[in-house]
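>>> Structure, please.
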Amino acid sequence: MIKVWDRFVRFFHWSLVLLIVTAYVSAERSETLHVWAGHAVLILIVMRVVWGFIGAPHARFCSFVTSPLAALAYLKALPARRAPRTLGHNPAGGWMVLALLAVIALTTLTGLANYAAEGKGVLAAVMAPTAVSVTDSRAGSTPEHDHLPGAHETDHDEHDDDDDAVWHELHELMVNLMLMLVAVHIAGVLASSWDHRENLVRAMVTGTKRER
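Got it, this is the predicted structure:
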């Protein structure tokens, strides 16, 4: 047996699983827990990206990010059990790591943007719209309209509602894409485990794999 996955990679992997499950389950039950889980996920993603450049050999992007053709060749060879075994991420798994990191980050960021559109969270001050500038810049605005009671407030509310809807839909889209990638990732882990006769889930717990 040989050490492959360092402590941080294992901590990142299982913490991310726990936080994503927590965020998903709490989405309709506890806004506070959902938001805090999202913040923690984003912090983990940033840490993993940094570790991908300075971490242990098998954790670095340069060790597992191959050409798309290599990933495709691996996938084609997998059903026939001719796919080459690797100690770290296989070529297809390497691209899945990048896809998951990107989509999970976008899921979190769109969630924060959706939260900020409601005037909450760390992005609220950055994304807060200015009612006067929005209404004054609209085509067809007239002085009479500007002086009507509640004119600015109405335009402002409609603009906020549009922002809320857009960010909410984007966040839901990214959540669905993330879940799809997670399902593909799990299927790939099971397929590779079967093909190479090794338990990849256990390896991510213990950090060790057989050398050959």
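>>> what ranges do the strands span in this protein?
Secondary structure of the chain by DSSP state E: the strands cover 2-3, 208-209.
>>> Mean confidence (pLDDT) on the last one, please.
Strand 208-209 shows an average pLDDT of 94 in the prediction.
>>> I'd like to know which elements that strand is packed against.
With contacts taken as 3 or more C-beta pairs under 8 Å, 6 or more residues apart in numbering; DSSP states H and E, strand 208-209 sits against strand 2-3. In this view, the C-beta of every residue, glycine as well, is placed from N, C-alpha and C.
>>> The strand it packs on pairs with which strands?
strand 208-209 (antiparallel) (DSSP bridges).
>>> what distance separates the partner strand from the centre of its chain?
Computed by C-alpha atoms, centre = their mean, to the nearest Å, the chain-centroid distance of strand 208-209 equals 27 Å.
>>> Model confidence score at Ala139, please.
pLDDT, Ala139: 48.
>>> Could you do Arg85 as well?
So Arg85 comes in at 89 (pLDDT).
>>> Tell me which residues touch the residue positioned nearest the centre of the chain, please.
Nearest residue to the geometric centre of the chain (C-alpha atoms, centre = their mean): Ile104, 0.3 Å. Going by C-beta atoms under 8 Å, 6 or more residues apart in numbering, Ile104 touches 16, 20, 41, 45, 178.
>>> ok, now Thr208?
So Thr208 contacts 1-4 (C-beta under 8 Å, 6+ apart).
>>> ok so, going back, what's the closest of the strands of the chain to His168?
strand 208-209 (42.2 Å; C-beta to C-beta).
>>> Number of residues surrounding Ala37?
Using other C-beta atoms under 10 Å, Ala37 has 23 other residues around it.
>>> Kindly report the same for Asn90.
Around Asn90 there are 25 residues (other C-beta under 10 Å).
>>> And the pLDDT for it?
93.
>>> Can you tell me how far it is from Gly188?
8 Å (C-beta to C-beta, to the nearest Å).
>>> and what of Asn199?
14 Å.
>>> likewise Thr32?
34 Å.
>>> of the strands of the chain, which approaches Thr110 most closely?
strand 208-209 (35.8 Å).
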